[in-house]
Every structure is written in C-alpha cells, then in structure tokens.
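Student: Quick one, what's the 3D model for this:
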Amino acid sequence: MKLPVAELHIHLEGTLEPETILRLAGQNNIDLPWPSLQELRAQYNFSNLQSFLDLFYANMAVLRTAADFQEITTAYLHRAHASGVRHVELFFDPQAHLERGLALAEVIAGIRAGLDAGLARWGITHRLIACFWRHAPAESAMEILRTLVQERHAIDGIGLDSSELGYPPILFQEVFAYAREHGLHVVAHAGEEGPAEYIVQALDLLKVERIDHGIRCLEDPALVQRLVKEQMPLTVCPLSNVRLRTVDTMAEHPLRRMLEAGLKVSIHSDDPAYFGGYLDANLAAVIGQFELSREEQAVLARNSIESSFLEEPAKARLCAEVDAWLAAEHL
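Tutor: Coordinates of the predicted model:
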C-alpha cells in the first residue's frame with residue numbers, strides 16, 4: 001500500500017519529459033536548439049535557479065494546443081498515481097503561454113480536461129493554481145488576473161514563481177489583494193534562493209495561505225517560531241533544492257531540522273522531469289537520508305493533506321487512509 005499524499009508544489013510545465021518535448025516539437029513543427037535526445041539531456045546540469053529556468057521556458061515552446069496540455073496533464077497524473085498522490089494542486093504559468101500567442105481558454109481547457117480524466121481514472125482530486133512570474137512586471141500579472149476573474153476561467157488560486165532574488169513579494173501586494181477579494185486561494189514561492197525576509201513579506205503583505213519552499217526560514221529564529229505557532233504550511237522540494245544548488249547535498253538539506261522545530265512541512269516534486277524524480281522519489285530520498293520512521297513519514301503525509309485546499313471531510317478521509325497505512329505496519 002502506497003502512502004497516501006497530496007501534491008501541492010508541482011509545475012505542470014516541469015513534468016515535460018525530454019522524450020515528450022522532442023515528440024511534440026516534431027508534431028507541432030517547433031525547431032529546438034537541441035535536435036537529439038542526447039543533446040537535450042546534456043542541458044540538464046544546473047548551476048542555479050536561472051540556469052534551470054532558461055531551459056524550462058525554452059522547452060515549453062512545444063506546447064501549442066489544448067490537446068498538448070491535456071496530454072501532459074494526464075501523463076503527470078498517471079505518474080502521480082503511481083507515487084501515491086490522492087490530491088493535486090497543480091501550478092501552471094499563464095504568462096509563458098500568452099507570450100507565445102496561445103489563448104488562456106485553450107490552455108486552461110486542456111489542463112482541466114486532463115485533471116478531469118485523472119479524477120475519473122484514478123480518483124485524484126484537484127485544484128488549479130495560476131502562477132505569475134515575479135521577474136515580469138506586476139502590471140502583467142494584474143492584467144492577466146483580471147482577465148481570469150472577469151472571464152470566469154476555471155482556476156482555484158494564484159501563486160508566485162520564477163526568479164526569486166531581487167523580486168520581493170511586496171511588488172505583488174495589489175495582485176494578491178485582488179485575488180483574495182475575488183475568492184481565490186493565494187500561495188507564493190519564498191525563501192528558496194531569496195532571504196527569510198521574503199517569507200515574512202509573503203505572510204504579511206500577500207497574506208498567503210502556504211509558503212512554497214521556505215527552507216531559508218531557519219535563518220530567522222523569530223520567523224520559525226511564528227511559522228510553528230501559526231502552523232503555516234511549507235511545501236518543500238528536496239531533489240529540486242539539491243539540483244538547483246540551494247543546498248549542496250541531500251545530507252545538508254534542512255528537512256530534519258525543520259521537522260524537529262515543529263514546522264508544518266510536506267514533500268513535493270516541483271519540476272520532476274528536470275530534477276530527477278516524482279513525489280515518490282523525493283520521499284525515498286529523504287527517508288533514506290534521514291532514516292525517517294513510518295510515524296515521521298505519516299506526519300509528512302498528513303501535513304500535505306491538511307495543507308491542501310480540500311474541504312474538511314475530504315481531508316479527514318485522506319488522513320484516515322494515512323492512519324490505515326501506518327496501522328498496516330503492525331498487522
């Protein structure tokens with residue numbers, strides 16, 4: 001029996017596997033700088049966040065139609081199902097697709113069709129979160145958000161991603177206020193490459209419900225105390241942190257210290273096609289490195305479920321499945 005979990009920090013575009021990239025490039029007549037699988041795979045050696053983002057944005061050029069978005073969403077959910085994922089809150093980057101001339105309606109329709117297929121086939125429930133680029137002007141995010149709201153596109157929340165350093169959350173205060181006013185959930189990447197102060201801004205100015213990453217919170221003891229008191233969710237992506245050099249090795253990852261501090265951390269895969277593994281691989285990495293007990297694994301799973309935007313009865317059902325997984329050890 002797989003440990004039941006919710007995946008809350010996953011970028012749809014980051015699930016594009018190299019083989020799919022090349023196939024869609026041929027199908028959609030897109031010329032990529034790397035025509036062979038070997039040449040493409042050679043690009044996956046990242047020195048920092050920006051080196052990853054350069055490849056990430058170049059590769060998503062192969063996505064052209066609603067059918068493409070449906071295909072990659074369904075493919076991700078198939079892999080997520082094998083990882084034990086029972087609920088997903090999926091990120092996508094509308095700016096990346098609008099600047100290539102795609103229509104919001106087509107992008108969202110394709111993703112929603114894939115999510116609906118995943119619910120029907122594997123019972124994976126879902127929410128959809130539009131993430132805005134922090135390296136782009138806040139006016140761009142606001143314009144798109146107004147369109148999403150006014151045209152009643154089927155999204156459940158907004159997030160903030162891309163290059164962190166030099167782009168503090170305060171820049172997006174009005175965007176997040178508008179989202180909250182219109183009943184959308186709000187989350188933000190903070191404290192990955194950026195300082196602990198960015199986490200504070202995300203809490204106080206953006207009034208987020210979750211912090212994505214947040215590993216640098218440990219640099220500020222007062223912030224740690226606050227996060228523990230408020231039980232603010234932190235969606236941690238261990239393989240991503242190592243591949244992007246925010247920590248040098250898995251042994252140096254702060255997960256164990258975060259758990260011992262009482263922080264509400266959970267494990268996710270971020271951009272699994274780029275960072276070496278889906279949610280099960282991320283869990284396996286930290287279980288192996290930190291010798292996490294079954295009880296500690298169950299804590300991580302419950303944290304993911306309780307940190308989701310599911311309704312309380314659905315959370316209770318999934319937490320009961322975690323309890324059943326834990327009890328199975330003693331049968």
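Student: Check what contacts the helix or strand containing L318 and list those residues.
Tutor: Assessed by DSSP states H and E, L318 sits inside helix 312-328. Here helix 312-328 makes contact (CB atoms under 8 Å, 6 or more residues apart in numbering) with 1-4, 6, 86-87, 125, 294-295, 298, 301-302, 305-306, 308, 310. The C-beta positions use only the backbone N, C-alpha and C, and glycine is treated the same way.
Student: For that helix, buried residues please.
Tutor: For helix 312-328, the neighbour count (16 or more other CB atoms under 10 Å) marks A314, K315, L318, C319, E321, V322, W325, L326 as buried.
Student: and which of the residues you listed is nearest I199?
Tutor: Proximity of those to I199 (CB to CB) peaks at K315, which lies at 24.5 Å.
Student: follow-up on the earlier one: just the C-alphas of the helix holding L318, formatted as CSV.
Tutor: Extracted in CSV, the C-alpha atoms of helix 312-328 (Å, rounded to 0.1, in the frame of the first residue of the first chain):
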residue,chain,number,x,y,z
GLU,A,312,-12.5,19.3,5.7
PRO,A,313,-14.5,16.0,5.1
ALA,A,314,-12.2,15.1,2.2
LYS,A,315,-9.1,15.9,4.3
ALA,A,316,-10.4,13.7,7.1
ARG,A,317,-11.0,10.8,4.7
LEU,A,318,-7.4,11.0,3.3
CYS,A,319,-5.9,11.4,6.8
ALA,A,320,-7.8,8.2,7.8
GLU,A,321,-6.1,6.5,4.8
VAL,A,322,-2.7,7.6,6.2
ASP,A,323,-3.7,6.2,9.6
ALA,A,324,-4.6,2.9,7.9
TRP,A,325,-1.2,2.9,6.1
LEU,A,326,0.5,3.4,9.4
ALA,A,327,-1.5,0.7,11.1
ALA,A,328,-0.7,-1.8,8.3
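Student: Run through the stretch 151-300 of the chain and note the low-pLDDT ranges.
Tutor: Judged against pLDDT under 70, the stretch 151-300 of the chain has no low-scoring part.
Student: can you pull out the helices in it?
Tutor: Secondary structure of the stretch 151-300 of the chain, counting by DSSP state H, counting those that start in this stretch: helices at 173-181, 196-204, 221-230, 238-243, 255-260, 272-275, 279-290, 294-306.
Student: And for the second one, what's in contact with it?
Tutor: To tie it back to what came earlier, the one meant is helix 196-204. With CB under 8 Å, 6+ apart, helix 196-204 has contacts from 160, 164, 168-170, 188, 190-191, 208, 211, 214, 216-220, 223, 226-227, 232.
Student: Restrict that helix to CA atoms and write it as PDB.
Tutor: The C-alpha trace of helix 196-204 is given here as PDB (Å, rounded to 0.1, in the frame of the first residue of the first chain):
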ATOM      1  CA  ALA A 196      13.900  34.800   5.100                       C
ATOM      2  CA  GLU A 197      12.600  38.300   4.800                       C
ATOM      3  CA  TYR A 198      10.800  37.300   1.600                       C
ATOM      4  CA  ILE A 199       8.800  34.800   3.600                       C
ATOM      5  CA  VAL A 200       7.800  37.500   6.100                       C
ATOM      6  CA  GLN A 201       6.700  39.700   3.200                       C
ATOM      7  CA  ALA A 202       4.700  36.800   1.700                       C
ATOM      8  CA  LEU A 203       2.900  36.400   5.000                       C
ATOM      9  CA  ASP A 204       2.300  40.000   6.000                       C
END
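Student: can you give me the angle that helix makes with helix 173-181?
Tutor: Helix 196-204 and helix 173-181 meet at an angle of 40 degrees, taking axes from the mean of the first three to the mean of the last three CA atoms, to 10 degrees as the criterion.
Student: how far is helix 196-204 from where the chain is centred?
Tutor: 19 Å (CA atoms, centre = their mean, to the nearest Å).
Student: Ok, the longest one next?
Tutor: Per CA atoms, centre = their mean, the displacement of helix 294-306 from the mean C-alpha position of its chain is 18 Å.
Student: Packing partners of that helix?
Tutor: Where contact means 3 or more CB pairs under 8 Å, 6 or more residues apart in numbering; DSSP states H and E, helix 294-306 is packed against strand 5-11, strand 264-267, helix 279-290, helix 312-328.
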